[in-house]
Structures are given as C-alpha cells and as structure tokens.
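**Q** dropping the sequence and predicted coords here.
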Amino acid sequence: MRRSLVIEVSVRLLYPSIIVLSLYFLFAGHNQPGGGFVGGLAAAAAISLRYVAGGVNAVRNSFRFKPWTIIGTGLAVSVGTAIFPMLLGGAILEHGTLKLHPPVLGEVKATSALPFDLGVYAIVIGLVLMIFEAFGEDADHELDKVEAPTVPAASALDEYRDHGQHASASTWLSRSGDDDDDAAEADVTSDAAGGVA
C-alpha cells in the first residue's frame, strides 16, 4: 500500500507539536484544566496520526518500551502516589505543594499531584499503544493472506457446497452419510490389506 506524501509530511510536522501540547496539558493540569488524562488523550491523537502515516511499525518504533511495560509503570506510579500519603499519616490522595525560588526561573511550584498525573498519562499512552499492538496490523500483510479467487460457481448451491458451515441442512445430511460410507470403505480396505499381510 502506497503512503501519501502529504500525510507523511503533515504528520512529521504535527506529531512533535501535539506531543508538546500533551506535555503542556500534563504539567498545567493541577492548576488549570488538563492533567494526565487529557494530556494522554492528546498524545494518543499524535500516536494515531503516526499510525495513519506509517502503519503499526511506525508506532512500534516510536517507543522503546512495550505497551504493557508503560501501563504497568504508570499504574505503579499512580497507586504509589495515592498510597504514599497514608504511610505518612495523611489521607489517601492527599497532596502537598513545594515552592522553590531558583535565581533564573523565579518561583517554581511543584505539587505531589504531578506524579499521579504522570502515571495516568503513561496509562493512557500505554493503552493506546496496546490497542495498536493488538488490532493495528497493516493491511498489506492481510492482503497477502487473501487467496486469489477461483473459478466462479455455476449456482449458489455449488458455491456453498465447499463451505461446510455455510451449507444447507440437506447438504450436511447428505455429506455426513457420504463421510460414513467413505469411512466404512476405508475400514474394509484396511482390514483387507491387514488380512492379506
């Protein structure tokens, strides 16, 4: 299958931009609308564009780790972030804020909700990658498996005669009798051959 040059060039320009937008949603999410889930959805859109342009191999080559590793890591980070405050005597999913004042950057605020959002982001990306891994095989490989058409059947009955599960009941009944006769003939032939030896 030929890939479109316009789509490939567009995806090369859009993919990094959408990933940066998804990271913005991820990091701005604890103060503004966004977060790990919205950022993950934006990254999923970028991954989907990569699939449209280059197929499943382009998606597989985009990430170093397997999808289930990304999901497992994201789940561990999210659950760990949720449970960690309980170990310190706080409530589950309780978060804290840390404000730093580096000389060049001014005030930098970090919250403990960020690791939770990072985990959700990884889970969403891992799920999308797993979907493409499971269902996203290229159509070229599927077309190679398709057999060339044979001589057309003279009638509908002839067409379905070769397909056992699609045959009518009368065809099944006549076949089962034929199969039993063939099996009986094979037994008689083998017994005769065994008796001669």
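**A** Looks like it arrived, so ask away. This structure is a prediction, so every number in the text was calculated from the model and none was measured.

**Q** could you pull out the strands in the chain for me?
**A** 97-100, 108-111 (DSSP state E).

**Q** tell me the confidence at Gly54?
**A** For Gly54, the pLDDT comes out at 82.

**Q** and it, what does it touch?
**A** Arg3, Glu8, Val11 (C-beta atoms under 8 Å, 6 or more residues apart in numbering). To be clear about C-beta, it is placed using only N, CA and C from the backbone, and glycine gets the same treatment.

**Q** of the strands of the chain, which is nearest Leu41?
**A** For these, the distance to Leu41 is smallest for strand 108-111, at 21.2 Å, taking C-beta to C-beta.

**Q** now that closest one: buried residues?
**A** Neighbour counts over strand 108-111 (16 or more other C-beta atoms under 10 Å) mark Thr111 as buried.

**Q** what do you get for stretch 93-107?
**A** Buried, per 16+ other C-beta under 10 Å, within stretch 93-107: His95.

**Q** surely Val59 and Val52 touch.
**A** No: under the criterion of C-beta atoms under 8 Å, Val59 makes no contact with Val52, lying 10.0 Å away.

**Q** the more surrounded of those two?
**A** Per other C-beta atoms under 10 Å, whichever of Val59 and Val52 has more neighbours is Val59, with 22 against 15.

**Q** distance of that one relative to Leu49?
**A** Computed as C-beta to C-beta, to the nearest Å, the Val59 to Leu49 distance reads 10 Å.
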